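What follows is a predicted protein model with its sequence.
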Amino acid sequence: NAGVTQTPKFQVLKTGQSMTLQCAQDMNHNSMYWYRQDPGMGLRLIYYSASEGTTDKGEVPNGYNVSRLNKREFSLRLESAAPSQTSVYFCASGDNSYNSPLHFGNGTRLTVT
Amino acid sequence: AQTVTQSQPEMSVQEAETVTLSCTYDTSENNYYLFWYKQPPSRQMILVIRQEAYKQQNATENRFSVNFQKAAKSFSLKISDSQLGDTAMYFCAFMKNGQKVTFGTGTKLQVIP
């Protein structure tokens, strides 16, 4: 029972490099999210996908792109990494019922030097 | 846009004592859900408790209970008989329409032996 699987767990990039964070869920959830967590800032929404084929910007989308490849997978891409993108990234999924909490992956710690 | 405010960045409590973490939110919605999540040092996000806005009765989960004051837009978490394993970051979260979830900035709780 994997739940939400995020890869990689850790990553170090140099400024200007690109990378894709992968996320997959096996709970048949419609909605998927990408958050970043920074000290004192809580979890801030980067992008959100209500269902397969749809994506919406969240609070801090600049510098990121997403792809909802299918119902299971939702990837986050950094095209040209910047030190300000150093953070812990969380993928989450949920269904659209009112009482459904989010299920989270274990996070990716990204450092951009 | 909904906002969630946690005004206590850090708190501490003696083991076996009771502690209350505060959370306020701002919304014009009438139907919504509120959650408390716990994030221990392992970084995993764990659902602690949930509350439906249309229910007047406060939710309870073992040692965890909430004080939900809808008119005041307040949603505090009470932890009774605090245990060392309760040491973690605690995040308050607001969800409307079963979709976008907004988090507060978190409260770091330290349980002292």
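Arrived safely, thanks for sending.

any residue of stretch A:34-41 up close to chain B?
Yes: counting by C-beta under 8 Å from any C-beta of the partner chain, chain B is contacted by stretch A:34-41 at A:Tyr35, A:Gly40, A:Met41. Yep, even glycine has a C-beta here, placed from its N, CA and C like the rest.

so where's chain A uncertain?
Applying pLDDT under 70 to chain A flags the ranges A:1, A:96-99.

again, only this time at 90
Scanning chain A with the threshold set as pLDDT under 90 gives A:1-2, A:39-42, A:50-51, A:53, A:69, A:94-102.

what residues does chain B put near chain A?
Counting by C-beta under 8 Å from any C-beta, chain B sits next to chain A at B:4, B:6, B:9, B:31-33, B:35, B:43-45, B:47, B:50, B:52, B:91, B:93, B:95, B:97-106.

ChimeraX command for the buried members of those residues?
Selection command for ChimeraX covering only the buried members of those, criterion 16 or more other C-beta atoms under 10 Å in any protein chain shown:
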select /B:4,6,32,33,35,43,45,50,91,93,95,98,100,101,102,103,104,105,106
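
Would you enumerate the residues in contact with residue 38?
Answering for chain A, as no chain was given. Residues in contact with A:Asp38 (C-beta atoms under 8 Å, 6 or more residues apart in numbering or on different chains) are A:Arg44, A:Ser87, A:Val88.

hm, I was asking about chain B
So B:Lys38 contacts B:Met45, B:Ile46, B:Leu47, B:Val48, B:Asp86, B:Ala88, B:Met89, B:Tyr90, B:Phe91 (C-beta under 8 Å, 6+ apart).

so it bridges to which residues?
Note on B:Lys38: beta-bridge partners by DSSP bridges are B:Ile46, B:Tyr90.

Work out which residue lies at the spatial centre of chain A.
Centroid-nearest residue in chain A: A:Trp34, 2.8 Å away (criterion: C-alpha atoms, centre = their mean).

Can I get the helix or strand containing that residue as CSV, trimmed to CA atoms?
Assigned by DSSP states H and E, A:Trp34 belongs to strand A:31-38. The C-alpha trace of strand A:31-38 is given here as CSV (Å, rounded to 0.1, in the frame of the first residue of the first chain):
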residue,chain,number,x,y,z
SER,A,31,-6.7,15.9,-7.1
MET,A,32,-3.0,16.2,-6.8
TYR,A,33,-0.9,19.0,-5.4
TRP,A,34,2.7,20.3,-5.2
TYR,A,35,3.7,22.3,-2.1
ARG,A,36,6.9,23.8,-1.0
GLN,A,37,7.8,24.1,2.7
ASP,A,38,10.2,26.8,3.9
